[in-house]
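J.: Model the structure of this input:
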Amino acid sequence: MEWFSLSVEIYIILFFVAMLAGFIDSIAGGGGLITLPALLSVGLPPAQALATNKLQSIGGSFSASLYFIRRKAVDLKEQRWAILLTFIGAMIGAILIQRINADVLRSILPLLVIAIGLYFLLSPKVGEAERQKRLNALPFAFIAGFGIGFYDGLFGPGTGSFFALAYVTLQGFNLTKSTAHAKVLNFTSNLASLLFFILGGKVVWAIGLAMLGGQVIGARLGARMVLSRGQKLIRPMLIVVSFVMSCKLIYDSHGAEISQWITRFF
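T.: This is a model prediction of the structure:
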């Protein structure tokens, strides 16, 4: 699909869609639930939509990461192993997704995302204050960095939430610090995946760059809210986004069965 087949109005709509997604994603993750359907709705084939979504989302993750780093919320030197192994994991996942059937992952993913939402809902004190870390830098990098990075390259939805949960539970970070660090690793995995998609020639550059601009603005606004509002904002957003994401993923996997059941019921 060529860029000139879309009207200026569609580009403007996609810009603002990406801005909203960037704002939400920098706080709680899940921005891809907004942008990917938008890309599919304008006629991009699934492979091109996934690749272009990575291009536009990297703008948001970079903008938020840069803001957190400049505000000293993230120490890149301390996170060097997590960044490296996240990059490697995402590259392997992006390569593997071209060779396997990911239907099993799509089936169990809603359950994982629901579990995240329930964890934060039923643990009101989690992430409220710093706690003792359970894993040192290198083991954390292998388990969380490589593992979640691999998942992001392979599939993607909810990556930011998974990284944030890993920092809370395994590193003992509070929610504000976890969210800031999660965004840096999310940028890393986005970059690794995007490089592979570029090599595959799947990116629709005009659409992706237009949306990238919106992502940069939305993510910067969201990042400011993270540092100014902290847990009061992040925790409810994580819960809401987790459950909305779960419903969306369940419908995507079983939409036909759900529609038939509703038709029979009524």
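J.: Tell me how many other residues surround residue 199.
T.: When counting by other CB atoms under 10 Å, one arrives at 10 neighbours for residue 199. Where you see a C-beta, it was placed from the backbone N, CA and C, and this is true even at glycine.
J.: ugh, typo on my part, it should be residue 224
T.: Here the number of neighbours of residue 224 (other CB under 10 Å) works out to 14.
J.: could you pull out the helices for the stretch 151-266 of the chain?
T.: Listed in chain order, the helices of the stretch 151-266 of the chain (DSSP state H, counting those that start in this stretch) span 159-170, 175-199, 205-229, 231-265.
J.: before we move on, what about the stretch 1-150 of the chain?
T.: Ranges of helices in the stretch 1-150 of the chain, per DSSP H, counting those that start in this stretch, are 8-28, 32-41, 46-70, 80-96, 103-122, 137-140, 147-154.
J.: For residue 179, which of those is the nearest?
T.: Nearest to residue 179, of all the helices of the stretch 1-150 of the chain, is helix 8-28, at 6.9 Å by CB to CB.
J.: Which positions within the closest one qualify as buried?
T.: For helix 8-28, the neighbour count (16 or more other CB atoms under 10 Å) marks 10, 13-15, 17-28 as buried.
J.: May I have that helix exported as PDB, CA atoms only?
T.: C-alpha atoms of helix 8-28 as PDB (Å, rounded to 0.1, in the frame of the first residue of the first chain):
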ATOM      1  CA  VAL A   8      -4.500  14.000   4.300                       C
ATOM      2  CA  GLU A   9      -7.500  13.700   6.700                       C
ATOM      3  CA  ILE A  10      -6.600  10.000   7.300                       C
ATOM      4  CA  TYR A  11      -3.000  11.000   8.100                       C
ATOM      5  CA  ILE A  12      -4.200  13.600  10.600                       C
ATOM      6  CA  ILE A  13      -6.500  11.100  12.300                       C
ATOM      7  CA  LEU A  14      -3.600   8.600  12.500                       C
ATOM      8  CA  PHE A  15      -1.400  11.300  14.000                       C
ATOM      9  CA  PHE A  16      -3.800  11.900  16.800                       C
ATOM     10  CA  VAL A  17      -4.500   8.200  17.300                       C
ATOM     11  CA  ALA A  18      -0.800   7.700  17.800                       C
ATOM     12  CA  MET A  19      -0.700  10.700  20.200                       C
ATOM     13  CA  LEU A  20      -3.300   9.100  22.400                       C
ATOM     14  CA  ALA A  21      -1.600   5.700  22.200                       C
ATOM     15  CA  GLY A  22       1.700   7.200  23.100                       C
ATOM     16  CA  PHE A  23       0.200   8.900  26.200                       C
ATOM     17  CA  ILE A  24      -1.400   5.700  27.500                       C
ATOM     18  CA  ASP A  25       1.500   3.500  26.600                       C
ATOM     19  CA  SER A  26       4.100   5.600  28.500                       C
ATOM     20  CA  ILE A  27       2.000   5.300  31.700                       C
ATOM     21  CA  ALA A  28       0.600   1.700  31.600                       C
END
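J.: And that helix, what does it pack against?
T.: Counting contacts by 3 or more CB pairs under 8 Å, 6 or more residues apart in numbering; DSSP states H and E, helix 8-28 packs against helix 32-41, helix 46-70, helix 159-170, helix 175-199, helix 205-229, helix 231-265.
J.: how far out from the middle of the chain is the second one?
T.: When you say that, I think you mean helix 46-70. 9 Å (CA atoms, centre = their mean, to the nearest Å).
J.: How about the fifth one?
T.: Relative to its parent chain, helix 205-229 has a centroid offset of 13 Å by CA atoms, centre = their mean.
J.: Confidence-wise, which helix or strand of this protein is lowest on average?
T.: One helix or strand of the chain scores below all others by mean pLDDT, DSSP states H and E: helix 103-122, with a mean of 59.
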